[in-house]
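Asker: What follows is a predicted structure for the sequence shown.
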Amino acid sequence: MNTNQKKFEATADPYNRRDQMVKFLSAFIGGGSLVYFFFFLIFGTVLSIPIEMNSKSVLLLDFGLSLMFFSQHSIMVRPKFKAILRKMIPEGLIPAFYSITSGITLVCAVMFWQKTGQPFFHLPTWMFPIMAGGFALGMIGFYWGVKSLPFFDPLGLRTETRNDKKPSLKLIGPYRLVRHPLYFFVLILIWTSTSFTLDRILFNCLWSLWIIMGSWLEEKELVTVFGQDYQTYQQQVPMLFPIKKGY
């Protein structure tokens, strides 16, 4: 090994360790936050930190926690914000950085979420197996949607390479049935509950509204990226719910 090679490896090694550390944090925080979130959907505030507050204050806090997550999640995916990040962070680490920050805000939202007293209403006992089955199908569907995108890397664990070619629109798996299947399956996961307190109703309504608005905003960006191909796709496949309109 010559002197120049040794010098290059000595310079590159710290960056490799940095990249590995960032991706480890992304897997631990980003992936762990999803597990924590799904646990919250099933068991509620069992692992949340209780705070003594009246019902009105609880709902205001829960609203603020939701708004915090929505703001972080929505602002950081905008192209203009990504352009700012490229000036400060290597492009290959941007997905991992997004995963870490998103994971932190999601953990905070769930950890400090407060329950408002007794359930507002219960579903009848005979519906419990139906809702449990719906939740299981939602999990399976979410996994199906992720696996149907071979280049989908939400945690930023892969080595990113810049590709300036225009991306092609490939429709596989659930994307042949609905344009945003991941959002659709998350909606199923959110609503397959058997007991609803006021805070859970607030959660379901706020997060459902955010998902619908996020889908609508994402549509504009996808039309910009894929052009006429996506406009044709919009005409043939429903956006969020796999129900085609009759003509």
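Answerer: Yep, that arrived.
Asker: Next secondary structure after the helix or strand bottoming out on mean pLDDT in the chain?
Answerer: Taking mean pLDDT, DSSP states H and E as the measure, the chain has helix 3-25 as its least confident helix or strand, at a mean of 65. Proceeding C-terminally, helix 3-25 gives way to helix 32-43 as the next helix or strand, assigned by DSSP states H and E.
Asker: all strands of the protein, in order?
Answerer: According to DSSP state E, the chain carries its strands in the segments 121-122, 195-196.
Asker: Now those strands in TSV, please, with extra columns for mean neighbour count.
Answerer: Placement of C-beta: from N, CA and C, glycine included. Compiled in TSV, these are given as follows (neighbours: other Cβ atoms under 10 Å):
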stretch	mean neighbour count
strand 121-122	10
strand 195-196	16
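Asker: Lowest average confidence across those, which one?
Answerer: Looking at those, the lowest mean pLDDT belongs to strand 121-122 (a mean of 82).
Asker: how about the residue nearest to V107 when sequence neighbours are not counted, what does it touch?
Answerer: Closest residue to V107 in three dimensions, ignoring its sequence neighbours and counting by Cβ to Cβ, 6 or more residues apart in numbering: S33, at 4.9 Å. By Cβ atoms under 8 Å, 6 or more residues apart in numbering, the contact set of S33 is S102, G103, I104, L106, V107, V110.
Asker: Next one: the first one from Q235, what distance?
Answerer: Using Cβ to Cβ, to the nearest Å, S102 is found at 32 Å from Q235.
Asker: So for the two, which residue has more residues nearby?
Answerer: S102 (22 against 7; other Cβ atoms under 10 Å).
Asker: Not counting residues beside it along the chain, what's closest to the more buried one?
Answerer: Nearest in space to S102, with sequence neighbours left out and distances taken as Cβ to Cβ, 6+ apart, is H73 at 5.8 Å.
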